[in-house]
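Q: task: produce atomic coordinates for the following.
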Amino acid sequence: MSKPIPTIQKYMTTTPHTIGSDQSIARAAAVMSEHRIRHLPVLRGGRLLGVLSDRDVKLIEGFRDVDPTTTKVEEAMTEQPYTVQPDAPLDEVVSTMAEQKLGSAVVLQNHKVVGIFTTVDACQALSELLQTRLAK
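A: Predicted structure coming up:
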């Protein structure tokens, strides 16, 4: 008898750190560094606008003629990030992330950010599932 596929809610990071779209890239970099994270959902008025990754930050910081202290997050973020509901099946989410080469899925409930699921969370889920479901 097989076990049901768990939902993303079981493995997501709850209450993720977020950043306002009008904040600077330098501020976003500081938040990422301080909390040792690589993805920040970008909000305006509590609504999700995009997601900013550490790769986006590094790209902006690499331009000689761009000042990270004055460049706004909304100028570097990825618009229309991959979003899922908390009850989305884990297998569907990780499959989509792999196919589209995505580093994160922002978890929304009633249009509010309630979590984030990253490749690190996916690795932790895989580890747990291998240990509990396939261990002899």
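Q: contacts, neighbours, all on C-alpha from now
A: Noted.
Q: for the residue nearest to residue 9 when sequence neighbours are not counted, helix, strand, or coil?
A: Among residues not flanking residue 9 along the chain, residue 86 sits closest, at 4.8 Å (C-alpha to C-alpha, 6 or more residues apart in numbering). Classification of residue 86 using DSSP: H, G, I helix; E, B strand; the rest coil returns coil.
Q: quick one, what contacts residue 86?
A: Taking C-alpha atoms under 8 Å, 6 or more residues apart in numbering, we find residue 86 in contact with 7, 8, 9, 107, 108, 109.
Q: relative to residue 70, how far out is it?
A: Residue 86 is 35 Å from residue 70, where distance means C-alpha to C-alpha, to the nearest Å.
Q: residue 115 too?
A: 28 Å.
Q: quick check: residue 15 touching residue 115?
A: Yes - contact status for residue 15 versus residue 115: in contact at 5.4 Å, counting by C-alpha atoms under 8 Å.
Q: of those two, which one has the most company?
A: Neighbour count, other C-alpha atoms under 10 Å: between residue 15 and residue 115, residue 115 has more, with 24 against 11.
Q: quick check, that one in a strand?
A: Yes - membership of residue 115 in a strand is supported by three-state DSSP.
Q: ignoring the adjacent residues along the chain, who's closest to it?
A: Leaving aside its chain neighbours, residue 115 sits nearest to residue 14 (4.4 Å; criterion: C-alpha to C-alpha, 6+ apart).
Q: backbone torsions only: list them for that neighbour.
A: Note on residue 14: its backbone torsions stand at phi -80, psi 160 [degrees, to the nearest 10].
Q: okay, now residue 92: neighbour count?
A: Per other C-alpha under 10 Å, the neighbour tally for residue 92 reads 14.
Q: and if you look at residue 31?
A: 17.
Q: roughly how far does it sit from residue 16?
A: 12 Å.
Q: so for the residue nearest to residue 9, what's the pLDDT?
A: We have a pLDDT of 97 for residue 86.
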